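>>> A predicted structure for the sequence below; I have some questions about it.
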Amino acid sequence: MRTIVCFGDSNTWGCVPGGSGERFPREVRWPGRLARALGDGFDVIAEGLNGRTATVERPDSEGRNGLPYLLPCLQSHAPVDLVVVFLGTNDVNFVEDERVARCVGRLVRVARSSEAGPERGAPKVLVMCPPPFDGHRLGPSFAEVCTELDCALLDLDGVASYSDVDLEHLDADAHASVAAAVEERVRRLLP
């Protein structure tokens, strides 16, 4: 059994666009779709939290900084074969676009040093870059950081887009597109 931890924000949690606080059913959310597509040999763990940032302490809510939570999260699910990090959408409210990728890069380093992978090694990491939204284009800086870290990257630009309803959440069709793209990457990263 291979374990994949999907570490993200409201888009991993499954927030329905529009700000009502509703959640898509498990079978609609991209981690649930991914689990179904991969089949019985995989345990896909959805670790999504509304408002989560990569490394920023939010002044408006507690417990949303992903950095202090990532290590215990991975250790609690060990051994973890792959960590999929899908963050950055909330970070743009607190740091410049160019720094968002550096924040996500810190999470990659934590995951790799976690000893939460098979045989207490490093789990593999796949970073997902949010699609362009509300004037933010994070792809180039994410590509630069992932190249520096020799880390797999899935840029969602051209794969899926955020809803026109609120510009920061995936609709049901986008969840399906994300799941399909992640499945293709998982099959290459975990042959």
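Great, that's in hand.
>>> going forward, measure contacts between C-alpha atoms and count neighbours the same way
Will do.
>>> in this protein, which spans are strands?
2-8, 42-48, 82-86, 124-129, 152-155 (DSSP state E).
>>> off-centre distance for stretch 30-45?
15 Å (C-alpha atoms, centre = their mean, to the nearest Å).
>>> again with stretch 101-117
Counting by C-alpha atoms, centre = their mean, stretch 101-117 comes out at 12 Å from the chain centroid.
>>> what about it, average pLDDT?
Per-region confidence: stretch 101-117 scores 98 on mean pLDDT.
>>> list the buried residues in that stretch.
101-105, 107-108, 110-112, 114-117 (16 or more other C-alpha atoms under 10 Å).
>>> go on, stretch 33-52?
33-36, 38, 42-52.
>>> check contacts around residue 161.
Under the criterion of C-alpha atoms under 8 Å, 6 or more residues apart in numbering, the neighbours of residue 161 are 131, 132, 133, 170, 174.
>>> what does residue 104 give?
54, 55, 85, 87, 88.
>>> let's see 7 Å
residue 54 (C-alpha atoms under 7 Å, 6 or more residues apart in numbering).
>>> returning to that earlier point: want to throw the buried residues of stretch 101-117 into TSV with distance to residue 182?
Formatted as TSV, these follow (distance: C-alpha to C-alpha, whole Å):
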residue	distance to residue 182
101	19
102	22
103	21
104	18
105	19
107	19
108	17
110	21
111	18
112	20
114	23
115	24
116	21
117	19
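>>> between those residues, which is nearest residue 15?
residue 104 (21.1 Å; C-alpha to C-alpha).
>>> how close does the closest one get to residue 146?
9 Å (C-alpha to C-alpha, to the nearest Å).
>>> likewise for residue 90?
In terms of C-alpha to C-alpha, residue 90 sits 19 Å off from residue 146.
>>> any idea of the mean pLDDT for stretch 156-172?
For stretch 156-172, mean pLDDT rounds to 96.
>>> next up, the contacts around residue 97.
Residue 97 touches 136, 138, counting by C-alpha under 7 Å, 6+ apart.
>>> again, 10 Å this time
Contact analysis of residue 97 by C-alpha atoms under 10 Å, 6 or more residues apart in numbering lists 88, 89, 91, 136, 137, 138, 139, 141, 142.
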